[in-house]
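Next come a sequence and a model predicted from it.
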Amino acid sequence: MFSRPLAVHATAIPGLLLLDLPVHGDTRGWFKENWQRQKMTALGLPDFAPVQNNVSFNAAAGTTRGIHAEPWDKYVSVATGRIFGAWVDLRPGPTFGAVATAELDPSRAVFVPRGVGNAFQTLQDGTAYTYLVNDHWSAEAQGEYTFLNLADETVAIPWPIPLEHAELSEKDRAHPRLADVEPMRPRTVLVLGAGGQLGRALREAYDGAPPGAVEFATRADFDLAAPASFASRDWSQYSTIINAAAYTAVDAAEAPEGRRAAWAVNAGAVARLARVAAEHRITLVNVSSDYVFDGTVRVHQEDEPFSPLGVYGQSKAAGDAAVAAVPRHYTVRTSWVIGDGNNFVRTMARLASEGVSPAVVDDQMGRPTFTADLAAGIRHLLETGAPYGTYNLSSSGEVASWADVAAEVFAVAGRHPGDIQRTTTAAYFADRPHTAPRPLNSTLDLHRIESTGFTPHRWEDRLRTYPIGP
């Protein structure tokens with residue numbers, strides 16, 4: 001018991017990890033580091049942020065407790081004595097019903113993820129069983145437990161002391177068999193801004209997800225600018241927040257009222273989301289913009305320093321900075337968004353149908369981002385467990401100007417591309433004094449997102465299948 005080096009071992013249940021703990025003893029007794037965050041996370045244990053420590057003292061050998069799956073992670077160890085531990089995966093999926101067993105003494109511990117049923121049987125009198133959890137116990141939380149009968153014939157746990165000779169409660173004797181157990185529901189993905197262009201694309205991307213797996217909130221359901229929206233929600237229910245909401249009125253943001261609104265939504269509210277995510281171990285996905293750059297660099301990489309030109313870009317950069325402090329975060333930086341709603345492509349299609357030959361700037365360069373690519377890329381990052389951080393994400397294809405995109409729209413609409421009148425940004429905005437400055441280069445480098453196995457569609461191909469009608 002006293003010679004094991006610190007080590008972490010996988011088991012037959014995904015996420016259930018056994019730990020060997022060094023125990024240092026002499027004639028006086030022994031000492032161990034029961035929980036050592038830095039060393040254990042370096043070996044692969046999740047940084048699960050415990051908030052409560054519980055101790056179960058068991059007077060007699062044969063005391064048997066469980067099988068309980070709880071809505072939080074737990075780190076189990078033994079202070080004195082010895083136990084036979086048994087764990088059953090009660091989460092939905094292909095490993096539902098999988099079993100792992102092991103003996104624990106002061107030199108061994110186990111990390112039990114949310115939704116995995118936990119049980120133990122004491123093998124010595126006077127066994128003290130301890131566990132750290134990363135959420136506070138409450139009567140409401142206990143209502144989310146999932147229970148399995150200790151004697152279930154399907155999982156067939158090989159108890160060292162037969163249950164008929166063991167000490168267990170009547171409640172534990174009465175738990176249902178595996179065939180009657182409803183798997184513990186995973187924590188929910190919350191999509192904010194579900195009524196916008198990206199929000200609607202995320203609805204399509206998550207079409208077919210299990211009931212309760214994804215919650216879509218429009219502004220009527222959750223107002224980012226209202227602190228009461230944050231206070232009234234039970235954040236322990238969520239694994240992920242995808243923030244698809246933003247103040248995007250670039251020109252209006254230059255006026256006093258718009259400036260306040262932009263900062264309230266894009267910076268202040270995002271900072272509150274960041275705090276919630278950090279406190280509740282939630283993964284935060286926040287959508288950023290090419291406007292956090294001044295456009296003097298031809299192709300923008302993820303680590304380029306902020307240099308926003310206008311209020312909108314400044315407020316988005318402030319939000320990005322807040323999100324960067326969240327341990328589990330994805331900042332998804334995009335440009336020239338085209339989805340289901342009013343946007344540049346729909347405007348050009350309408351003008352084409354009306355016989356108008358609009359003037360369009362030809363010196364702002366970038367790539368459009370169709371929301372189908374943006375939504376699919378976000379889901380890809382989450383489901384593949386890509387490294388946290390910032391990812392550029394636009395549609396792929398040739399770098400183009402707004403005039404090039406307009407010409408492609410005219411061609412798809414049956415108008416001659418040459419009907420687009422090309423102009424410069426300076427000339428276009430010369431008689432529009434109350435407009436925001438625009439970056440001239442908005443092209444995003446896509447190598448990092450592509451390295452995760454996701455390749456966005458070419459914007460030219462997306463445009464040809466995009467419904468350009470009203």
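Ah, there it is. Numbering: from 1, shown residues only.

quick one: low-confidence parts of this protein?
1-3, 469-470 (pLDDT under 70).

which residues of it fall in helices?
Defined through DSSP state H, the helices belonging to the chain, from first to last, are 37-42, 139-142, 170-173, 197-205, 227-231, 256-263, 270-279, 311-323, 344-353, 371-384, 402-412, 425-428, 447-451, 459-465.

you'd agree Ile338 is up against Thr369?
Yes - here Ile338 reaches Thr369: they are 6.7 Å apart, a contact under Cβ atoms under 8 Å. Just so you know, the C-beta spots here come from the backbone N, C-alpha and C atoms, and that holds for glycine as well.

Which one's more surrounded, these two?
For Ile338 against Thr369, the residue with the higher neighbour count under other Cβ atoms under 10 Å is Thr369, and the figures read 27 against 23.

circling back to that earlier point, any chance of the helices of the chain in JSON lines with distance to Ile13 and mean neighbour count as columns?
As requested, these are exported to JSON lines (distance: least, Cβ to Cβ, whole Å; neighbours: other Cβ atoms under 10 Å):
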{"stretch": "helix 37-42", "distance to Ile13": "18", "mean neighbour count": "13"}
{"stretch": "helix 139-142", "distance to Ile13": "22", "mean neighbour count": "11"}
{"stretch": "helix 170-173", "distance to Ile13": "20", "mean neighbour count": "12"}
{"stretch": "helix 197-205", "distance to Ile13": "29", "mean neighbour count": "21"}
{"stretch": "helix 227-231", "distance to Ile13": "35", "mean neighbour count": "12"}
{"stretch": "helix 256-263", "distance to Ile13": "46", "mean neighbour count": "17"}
{"stretch": "helix 270-279", "distance to Ile13": "27", "mean neighbour count": "19"}
{"stretch": "helix 311-323", "distance to Ile13": "32", "mean neighbour count": "23"}
{"stretch": "helix 344-353", "distance to Ile13": "48", "mean neighbour count": "19"}
{"stretch": "helix 371-384", "distance to Ile13": "20", "mean neighbour count": "21"}
{"stretch": "helix 402-412", "distance to Ile13": "50", "mean neighbour count": "22"}
{"stretch": "helix 425-428", "distance to Ile13": "58", "mean neighbour count": "14"}
{"stretch": "helix 447-451", "distance to Ile13": "30", "mean neighbour count": "16"}
{"stretch": "helix 459-465", "distance to Ile13": "41", "mean neighbour count": "17"}
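
any chance of those helices in a markdown table, plus distance to Ala12?
What follows is those, written out as a markdown table (distance: least, Cβ to Cβ, whole Å):
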| stretch | distance to Ala12 |
| --- | --- |
| helix 37-42 | 21 |
| helix 139-142 | 27 |
| helix 170-173 | 23 |
| helix 197-205 | 32 |
| helix 227-231 | 40 |
| helix 256-263 | 51 |
| helix 270-279 | 31 |
| helix 311-323 | 36 |
| helix 344-353 | 51 |
| helix 371-384 | 22 |
| helix 402-412 | 53 |
| helix 425-428 | 61 |
| helix 447-451 | 31 |
| helix 459-465 | 43 |
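
Quick one, which of the ones you listed gets closest to Val155.
Among these, the nearest to Val155 by Cβ to Cβ is helix 170-173 (14.5 Å).

Does anything pack onto that closest one? Which helices or strands?
Helix 170-173 sits against strand 64-69, with contacts defined as 3 or more Cβ pairs under 8 Å, 6 or more residues apart in numbering; DSSP states H and E.

Next, the distance between the ends of stretch 350-361.
By Cα to Cα, to the nearest Å, the extent of stretch 350-361 from end to end equals 18 Å.

where's it relative to the chain centroid, distance-wise?
Taking the mean of its C-alpha atoms, stretch 350-361 sits 41 Å from the chain's own mean (Cα atoms, centre = their mean, to the nearest Å).

next one: stretch 190-209
Between the mean C-alpha position of stretch 190-209 and that of its chain there is a distance of 14 Å (Cα atoms, centre = their mean).

what's in contact with stretch 403-423?
Stretch 403-423 is contacted by residues 336, 344-345, 348-349, 352-353, 357-362, 368, 400-401, 459-460, 463-464, 466, 468 when judged by Cβ atoms under 8 Å, 6 or more residues apart in numbering.

do that again at 7 Å, thanks
Taking contacts as Cβ atoms under 7 Å, 6 or more residues apart in numbering, the residues outside stretch 403-423 that touch it are 344-345, 348-349, 352-353, 357-362, 368, 460, 463-464, 468.

For Gln121, grab the count of nearby residues.
26.

Could you do Ala49 as well?
15.

How about Ala7?
12.

Identify the residue spatially nearest to it, adjacent ones excluded.
What sits nearest to Ala7 in space, not counting adjacent residues and going by Cβ to Cβ, 6 or more residues apart in numbering, is Asp20, at 4.4 Å.

residues contacting the residue nearest to Ala269 when sequence neighbours are not counted?
Spatial nearest neighbour of Ala269, excluding adjacent residues (Cβ to Cβ, 6+ apart): Leu224 at 3.8 Å. Taking Cβ under 7 Å, 6+ apart, we find Leu224 in contact with Leu192, Ala245, Val265, Ala269.

Break the protein down into its domains, please.
Under the assignment named as automatic domain parsing, the residue ranges that make up the domains of the chain are 7-180, 188-465.

looking at the ones you listed, which is buried most?
Each of the domains of the chain was given a mean neighbour count from mean count of other Cβ atoms under 10 Å, and the largest, a mean of 19, is that of domain 188-465.

Between its first and last residues, how far does that one reach?
Length of domain 188-465, first residue to last, Cα to Cα: 32 Å.

can you give me the strands for the stretch 151-300 of the chain?
Taking DSSP state E, counting those that start in this stretch as the criterion, the stretch 151-300 of the chain carries its strands at 188-192, 214-217, 238-243, 283-289, 299-300.

Beta-bridge partners for the residue nearest to Ala7, please?
For Asp20, the beta-bridge partners are Ala7, Arg108 (DSSP bridges).

hang on, Pro106 packs against His24?
No - Pro106 sits out of contact with His24 when judged by Cβ atoms under 7 Å, with a separation of 10.9 Å.

which residues are in contact with both of those two?
Once Cβ under 7 Å, 6+ apart is applied, the residues that Pro106 and His24 both contact turn out to be Trp30, Lys32.

Distance check, the closest residue to Thr331 other than its chain neighbours against Leu309.
Nearest residue to Thr331, sequence neighbours excluded (Cβ to Cβ, 6+ apart): Thr390, at 4.2 Å. As defined by Cβ to Cβ, to the nearest Å, Thr390 lies at a distance of 20 Å from Leu309.

Leu16 reaches Thr101, doesn't it?
No - at 10.8 Å, Leu16 and Thr101 do not qualify as touching, with contact defined as Cβ under 7 Å.

Okay, the closest residue to Thr80 other than its chain neighbours and Thr27: tell me how far apart.
In this structure, Thr80 finds its nearest non-sequential neighbour in Ala128, 4.7 Å apart by Cβ to Cβ, 6+ apart. Counting by Cβ to Cβ, the gap from Ala128 to Thr27 is 22 Å.
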